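Novice: starting from these lines, generate the structure:
(chains A and B)
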Amino acid sequence: MRKRLSFLVMIVVIALVAAACSSSGDDDTTTTADSGGSATTTAPAAATTTAPAAATTTAPPDTSGDIKTGRGVDADAKVITIGMLADLTGLFAPLVVDITDSQLAFWDDVNANGGIDGWTVEIVVEDTNYNVEQHIEKYEKIRNDVLALGQSTGSPTNVAALPKYKEDSMVFIPLSWYSGWAVPDFDGGLAMEQYTNYCIEAMNVLGFANEMGAKTVALATFPGDYGQDGAAGVKKAVDFYGMELVYDGEAAVIPGQDQTEVVTGIVSSGADWTFLTTNPSTAAEIIGGAAQAGYTGAWTGSTPSYDFRLLDSPVAPIIDASYYQSGYNVPWGTDVPGAAKMTEVLTAAYPDRRPSDAFAIGWSYSLSLQQAIKAAIDSGDITPEGFAAAVNSLTAVDFGGLAPSQSYAGSSNEFVQRASAIYKPSLEEYTAAGGAEQTLSQEGGGTTGSTESPSGGFFTSDAAAAYDFSAACYEL
Amino acid sequence: MIAALVIAQAVTPNAIDKFGNALASGIALGAIYAILALGFVIIFKATQVVNFAHGGIAAFGAYMVVYFATVLNVPGRWLSFLPFGVQWTLSAILAILVTALLGVIIERIVIRPMIGKALFAVAMITLGVDLIIRTITVDYMGNQSRGLGDPWGAGVFVFGGIRIAHTQVVTVLVAMIAVGLLAWFFRTRTGTAMRATAFDQEAAMAQGISVGKVFAIAWGIGAALAAIGGIFSSVFPRGAAGVTPFTALIAFRAFPAVIIGGLDSISGAIVGGMLVGLAEVFAASYLGSVSWLGTGFAGIVAWLLMMAVLLIKPYGIFGTEEVRRV
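Specialist: Numbers count the residues shown, from 1 in each chain, chains lettered A, B, ... in the order given. Below you'll find the model as predicted:
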């Protein structure tokens, strides 16, 4: 009997210790994405103490008052908590850090000016390292505490987490432009995608290349839904314009490996135009290798393939001569109505930071989220399901000219974004403004060197306009 | 069959240009691998430790060049009368010395206390050291790629259809100088002590050689060689964007070179490095269009070569065979 009692006591002690460990892990929810700037965010204290580990992810709606609330919403304090699963240390970190910091500054400014109809928006940032396992782990950590994900980096990461998002009715803004995010049958209507997807972006690039007289095209991409979605768009556009694909390096670019195989393929093909879907440092390696081998064709990459900081690298003269930057949004320093506020807030928040085209991405992501939250508040339902409904009712999210306005209502073919832009990086302009020494607080705010748009700003190519979009271009 | 495919493609227009470009690129890549492999081998030969921190140390060396040459401008700020190329070279030498010091510190703090302990445990410690170095370096230097600000940029020598980057020529020259310096060093008193220690530690100690000092020197030299490898893998054209958090992976790509040459062979490291560099580049240049090989074949050709060598020579081409009493 005594032994049995001791055993029972031991079991109880182990259970208590395990529970304590589990809750101490939950206490660690709050992180910041301060990567050099001064923005900090905190999760509300209440968020760390709710929902036991075994609880389902959707808290029961709180119908007190006029507004229905649920997970991630504190009706008493009027606080809405939004999560961000950001790649702050991985493959796309240089871009994502700028995007995330732009978002943090945006929400600090909104909160400092009364929030949204008196509701404060608090941000919880988790670093996912562009790693599927870490993304899932960090999602598990915050899933019970946030209404939605205001940013979630990556195609493979979000695809892996999608079943969990669906379980939770978790609206997410993918920092990924995979074409599947515009297909409700695929994403459950939860992805609040922004801009053109990789596939349609590639069609626009090829449309521009066609106008520039390109007849032959080379293609080199990462494997997976990022690279191969872009590749699918290139191939559809090549067929549409009657061009010739002279090197098909779909999925041939493996980050961290030697790129000689891809470089040789591009150079041997002698293509008029090469399209890349990689990250910036890998793009530089390919562009540099090809230039060394004598390749003289033009280059464009999917938007995440380019970073203006390449103008600080040895390939800068090659980029200046032959790289055309594809853009979902306007570059830093463009004079559009929405840019004035962004410039003012970011300059105040990060006066010593360099200008970045990625700031506009973070800013416009936040604008769309702000309009979605406003719509949910107006509808009287800020439960996860109510928020998703509010998102899917938006017909014209306005970015103040930073990007083409966005709709989420109707069929995929109706709301998918088809407009993007082409910019021409200028090393001379970039260097004249101070190059790598530029800061946001300098006179004129600095430049990333991409102010000239040979496409005349946002445009939709004939291939993109004619494309019947009803399914992802690259099926998983 | 692979050789036949290469030969079949060699009889095409511009075949000489293609061969020449691949040869130059392969030798330059091989020089980087050889330098990295030498670092591995010197540490292993002296201490019997397989240093998995080699990649982290290599990237650290490249980051130090960024720091000294482009951030601090040291020592160029005091020597502005010198040509830019000389200033940059001095910054690079300073970075290599700092990295060598890092190697000595690693040896003193985490390797020496493990003398006599299981080699597997020591290897695991180096794996941890690698993660620590990479994490701290990225924390301080940021995630974005950082150009080294080298004086060669994207310059290319053109010989008809053969195009060789200035950096590739410099890489090979620096590798040759490093090997020459090592050959000289091994003939000095300290070098002789190091060779004696590598041959038989107990006998060396009996002769009054400070084995601890030899270990520290080996780690210092190994780290310095890693830094040189890291620097030249972060310049045009392969490292056109500069040093990135992925630069550290170059050491793992050099690992087959170490095994092929023989884990304890200095000359084997050079031969292994060259073989792996040439095999990778020639496979990429000539077999990339062979569809049934799939994409990325060049990335595994070094490992295939390593397996083939090990099947014939289990201790590598120049490795010392282990003799065991049965």
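Novice: does the strand or helix carrying A:Leu245 reach chain B?
Specialist: When elements are assigned from DSSP states H and E, A:Leu245 belongs to strand A:244-249. Yes. Contact of strand A:244-249 with chain B (CB under 8 Å from any CB of the partner chain) involves A:Gly249. (C-beta placed from N, C-alpha, C; glycine too.)
Novice: skipping adjacent residues, who's closest to B:Phe186 in space?
Specialist: Excluding the flanking residues, the one nearest B:Phe186 by CB to CB, 6 or more residues apart in numbering or on different chains is B:Arg195, at 6.0 Å.
Novice: same check, this time on A:Gly70
Specialist: Using CB to CB, 6+ apart, the closest residue to A:Gly70 is A:Thr383 (3.7 Å).
Novice: the residue nearest to B:Phe186 in helix, strand or coil?
Specialist: helix (DSSP: H, G, I helix; E, B strand; the rest coil).
Novice: pull the distance from the lengthiest helix in chain B to the chain's centre.
Specialist: Longest helix in chain B by number of residues, with DSSP state H as the criterion: helix B:15-47. Remark: helix B:15-47 is offset 8 Å from the chain centroid, using CA atoms, centre = their mean, to the nearest Å.
Novice: quickly check: the following helix or strand past it near chain A or not.
Specialist: The first helix or strand that comes after helix B:15-47 along the chain, using DSSP H and E, is helix B:54-65. No. Helix B:54-65 stays out of contact with chain A when judged by CB under 8 Å from any CB, the minimum separation being 10.7 Å.
Novice: the bottom helix or strand of chain B by mean pLDDT?
Specialist: None of the helices or strands of chain B scores lower by mean pLDDT, DSSP states H and E than helix B:2-10, at a mean of 60.
Novice: contacts only, for residue 166.
Specialist: In the absence of a named chain, this looks at chain A. Each residue near A:Lys166 by CB atoms under 8 Å, 6 or more residues apart in numbering or on different chains is listed here: A:188, A:190.
Novice: wait, chain B
Specialist: B:152-153, B:155-157.
Novice: can you tell me which of those is nearest chain A?
Specialist: B:Gly153 (4.5 Å; CB to the nearest CB).
Novice: my guess is that closest one contacts B:Phe236. True?
Specialist: Yes. Assessed by CB atoms under 8 Å, B:Gly153 is found in contact with B:Phe236 at 6.5 Å.
Novice: and the two? Which one has more around it.
Specialist: B:Phe236 (30 against 19; other CB atoms under 10 Å in any protein chain shown).
Novice: and that one, what are its phi and psi?
Specialist: phi -60, psi 140 (degrees, to the nearest 10).
Novice: how much space separates the residue nearest to it when sequence neighbours are not counted from A:Ser426?
Specialist: Spatial nearest neighbour of B:Phe236, excluding adjacent residues (CB to CB, 6+ apart): A:Pro314 at 4.1 Å. Noted for A:Pro314: a distance of 17 Å to A:Ser426, by CB to CB, to the nearest Å.
Novice: ok, A:Asn113 next?
Specialist: Taking CB to CB, one finds A:Asn113 at 36 Å from A:Ser426.
Novice: for B:Val309, same thing?
Specialist: B:Val309 is 51 Å from A:Ser426, by CB to CB.
Novice: hang on, the earlier thing: hey, what's in contact with both of B:Gly153 and B:Phe236?
Specialist: Counting by CB under 8 Å, 6+ apart, the residues touching both B:Gly153 and B:Phe236 are A:Pro314.
Novice: per-residue pLDDT, residue 213?
Specialist: In the absence of a named chain, chain A is used. pLDDT recorded at A:Gly213 is 97.
Novice: I was thinking of chain B, sorry if that wasn't clear
Specialist: 92.
Novice: what about it, how many neighbours?
Specialist: B:Lys213 - counted by other CB under 10 Å - has 13 other residues nearby.
Novice: show me where the chain has its strands.
Specialist: Using chain A. A:68-69, A:73-74, A:79-86, A:120-127, A:148-153, A:171-175, A:216-221, A:244-249, A:273-277, A:298-301, A:325-327, A:381-382, A:421-423 (DSSP state E).
Novice: you looked at the wrong chain, it should be chain B
Specialist: Under DSSP E, chain B gives strands at B:156-159, B:162-165.
Novice: quick one: residues contacting the spatially most central residue of chain B.
Specialist: For chain B, the residue sitting closest to the mean C-alpha position, by CA atoms, centre = their mean, is B:Leu36 at 1.5 Å. Each residue near B:Leu36 by CB under 8 Å, 6+ apart is listed here: B:54, B:58, B:225-226, B:229, B:250-251, B:254, B:257, B:273.
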